[in-house]
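Visitor: Sequence and predicted structure below; questions after.
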Amino acid sequence: DVLGSRGLGDVYKRQLLYHGFLNLSCRIPQISMIIYWPGVYTFNGYFSEEDLQMFWVYRYKGFSFTAARTVHTALVLSVAVGALLTVLGLVTAAPIMRLLGTPDEILPDAALYLRIYFLGMIPQMLYNMGTNILRAIGDSKRPLYFLIAASLVNIVLDVVFIAVFGWGVMGAALATVLSQVASAVLTLRCIVGSQGMPWHIRTEKLRLHGDVFTAICTIGVPAAAQSAMYNISNMFIQSSMNSFGTSTIAAWGVYGKIDFLFWMTINSLGIAITTFAGQNFGARQYDRVRRGVRVCLAMAACTTLVISFTFYNLAEVLFRLFSQDDAVVAVGVGMMHVLTPVYITYVCIEVLAGALRGCGDVRVPTLITVFFVCGLRMLWLFVAVPIRHEVATVEMSYPITWSLASALFILYYVKGGWMQRCAEKWEKKQAG
């Protein structure tokens with residue numbers, strides 16, 4: 001309705017368009033996660049979090065040549081898969097929008113946004129690959145600086161393209177793509193300039209290496225499946241929330257914006273422990289891996305408790321930053337009072353799963369997450385919600401599944417013998 005509105009003043013209309021496009025852009029990552037997850041998560045995001053374990057093992061055990069092959073193979077894959085996703089996005093943009101029930105009056109603009117967005121897949125993948133190589137070598141500052149720079153580019157270009165040039169949805173999409181290009185250029189410039197290091201990019205070394213490709217897929221595909229299941233289960237959550245009316249839908253959307261702070265914080269700690277575990281596992285410092293996990297658990301728990309306390313006590317204040325509708329605020333405050341106290345039940349999932357993957361144990365964390373978080377959550381929605389059709393019933397799917405999965409992760413971490421198996425696997429592989 002916003003995109004199709006007429007008779008508004010230019011300034012007001014541009015503001016509405018801008019916020020409408022921001023909301024639309026928030027749906028794009030979810031679309032790509034579900035429809036294109038094999039390419040995106042196998043060769044992009046999960047090179048960063050899991051396959052860096054392989055990079056660090058090679059580096060610390062003296063296999064600099066293999067570490068270099070890993071980096072160059074990942075770079076080639078990022079470009080190839082990014083190009084494939086770009087083509088798929090251009091072809092399937094309109095069908096995907098129809099599948100998601102996009103109203104006809106905004107379908108052309110929505111499809112246009114999606115097509116332009118997919119033009120940025122290659123730089124987006126190169127940025128993620130490059131920044132996580134930097135994190136793997138201990139440089140966590142420059143990835144942050146590049147992200148800040150890209151965000152500023154996006155904001156400035158949004159204003160210029162939409163408010164000044166009046167390019168509407170095309171301008172919003174172009175601003176996003178150009179910000180991704182900027183972040184990719186900044187990141188690759190650092191790696192290209194790292195003369196004499198295994199991760200230094202050289203044109204003559206850019207090729208696919210079969211053994212590295214297989215290793216990346218072995219680690220990346222299970223994690224990709226896990227992320228796909230997370231997002232499918234979130235779609236079912238959203239569908240359940242939609243059945244409670246517009247106030248609940250709006251409140252759930254606002255809660256997601258507030259909740260984002262917790263997820264970015266806990267995910268950052270998960271990435272940190274994955275990198276730390278990979279580094280020390282590669283150096284055969286197995287005791288440091290376990291000490292690092294304990295420290296990360298303590299940091300995650302303390303941070304989570306602070307966030308939960310703040311969100312719980314400032315729920316209404318936070319909601320009124322986004323909405324002045326009393327009905328929406330009332331529903332949203334209720335949501336926060338149910339969900340924020342149980343954030344702590346998720347901590348072990350993020351930290352222990354990150355540590356296990358950092359040491360090369362991928363299958364068990366994936367199975368626990370897929371079946372006891374995502375699968376059980378969907379089962380709860382199918383069985384419990386029809387019996388007791390309340391928002392709280394939907395919300396309870398989170399602490400129930402998190403608690404069970406956390407218990408299984410703790411049991412496996414303590415009693416599963418995973419460290420010895422991972423070490424023996426790598427030693428055997430390198431001896432062969």
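Guide: That came through fine.
Visitor: G82 reaches Y127, doesn't it?
Guide: No - if you go by CB atoms under 8 Å, G82 and Y127 don't touch, sitting 10.5 Å apart. In short, each C-beta sits where N, CA and C put it, glycine included.
Visitor: Which one's more surrounded, those two?
Guide: Neighbours per residue, other CB atoms under 10 Å: of G82 and Y127, the larger number sits with Y127, 27 against 23.
Visitor: Determine the number of other residues adjacent to A355.
Guide: 28.
Visitor: which element is it on?
Guide: helix 347-358 (DSSP states H and E).
Visitor: pLDDT averaged over that helix, what's the number?
Guide: Averaging pLDDT along helix 347-358 yields 91.
Visitor: Kindly report the same for stretch 277-294.
Guide: Here stretch 277-294 scores 88 as its mean pLDDT.
Visitor: mind listing what's buried in that stretch?
Guide: A277, G278, Q279, N280, F281, G282, Y286, V289, G292, V293 (16 or more other CB atoms under 10 Å).
Visitor: Select, from the residues you listed, the two members most distant in space.
Guide: Maximum pairwise distance in the buried residues of stretch 277-294, criterion CB to CB, is 15.9 Å, between G282 and V293.
Visitor: Give the other helices and strands that the helix holding A355 contacts.
Guide: If you count contacts as 3 or more CB pairs under 8 Å, 6 or more residues apart in numbering; DSSP states H and E, helix 347-358 packs onto helix 52-60, helix 246-282, helix 286-313, helix 363-369, helix 397-415.
Visitor: Looking at the ones you listed, which is nearest to V331?
Guide: Using CB to CB, the nearest of those to V331 is helix 246-282, at 4.0 Å.
Visitor: Can you find the helix or strand in this structure with the smallest mean pLDDT?
Guide: None of the helices or strands of the chain scores lower by mean pLDDT, DSSP states H and E than helix 10-40, at a mean of 39.
Visitor: circling back: out of the helices and strands packed on helix 347-358, which gets the lowest mean score?
Guide: Among the helices and strands packed on helix 347-358, helix 52-60 scores lowest, with a mean of 48.
Visitor: got the angle for whatever helix or strand comes next after it vs helix 246-282?
Guide: Note on helix 52-60: by DSSP H and E, the next helix or strand toward the C-terminus is helix 64-99. Angle, helix 64-99 to helix 246-282, by axes from the mean of the first three to the mean of the last three CA atoms, to 10 degrees: 170 degrees.
Visitor: how about F372, phi and psi?
Guide: phi -100, psi -10 (degrees, to the nearest 10).
Visitor: residues touching it, list them.
Guide: T401, L404, A405, L408 (CB atoms under 8 Å, 6 or more residues apart in numbering).
Visitor: Out of the residues you listed, which end up buried?
Guide: Here, 16+ other CB under 10 Å leaves T401, L404, A405, L408 buried among the contacts of F372.
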